[in-house]
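Chemist: sequence first, predicted coordinates after that:
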Amino acid sequence: MAHTYRVTVERLEGGVPSAADEALVFQTTNHDDLFKILSAVRQKQLLAEDETAEFTIGLKLFAEVLMRHRADPPFKELFPHIGSFMKSLKR
């Protein structure tokens, strides 16, 4: 079952503000429950709290796109390595 999420990115500070700084909002699906995965990674205490969310959500969003395009260059070269990394992270 796919899980659907809304992702929002807003500039809080840094850089020169411009008219293009509207919040970036998009919907995405993931085969995993991102909140469940985030909770499991938090329990491992691999990173600081903010970094844990940044890393986990970023990785899962990236990995989902990678899976959909795993046969396409340049994704096919990366796919086996990310798969190994994800398996080691889940242990």
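Modeler: Structure received.
Chemist: quick one: the strands in the chain?
Modeler: 3-9, 24-30 (DSSP state E).
Chemist: can you list the ones you listed in JSON lines and add mean neighbour count?
Modeler: Any C-beta I mention is one placed from the backbone N, CA and C, and that applies to glycine too. As requested, those are exported to JSON lines (neighbours: other CB atoms under 10 Å):
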{"stretch": "strand 3-9", "mean neighbour count": "10"}
{"stretch": "strand 24-30", "mean neighbour count": "11"}
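Chemist: the nearest residue to residue 86 once chain neighbours are set aside: neighbouring residues, count only.
Modeler: Using CB to CB, 6 or more residues apart in numbering and skipping residues adjacent in sequence, the residue nearest residue 86 is residue 63, 6.4 Å away. By the measure other CB atoms under 10 Å, the count of residues near residue 63 is 18.
Chemist: I'd guessed residue 63 sits against residue 87; true?
Modeler: No - with contact defined as CB atoms under 8 Å, residue 63 does not reach residue 87; the gap is 11.6 Å.
Chemist: which strands and helices sit next to the worst-scoring helix or strand of the chain on mean pLDDT?
Modeler: Of all helical and strand segments in the chain, the minimum by mean pLDDT, DSSP states H and E falls on helix 75-90, at a mean of 87. When contacts are defined as 3 or more CB pairs under 8 Å, 6 or more residues apart in numbering; DSSP states H and E, helix 75-90 packs onto helix 49-68.
Chemist: contacting residues around the helix it packs on?
Modeler: 7, 28-32, 34, 37-38, 41-42, 46-47, 75, 78-79, 82, 86 (CB atoms under 8 Å, 6 or more residues apart in numbering).
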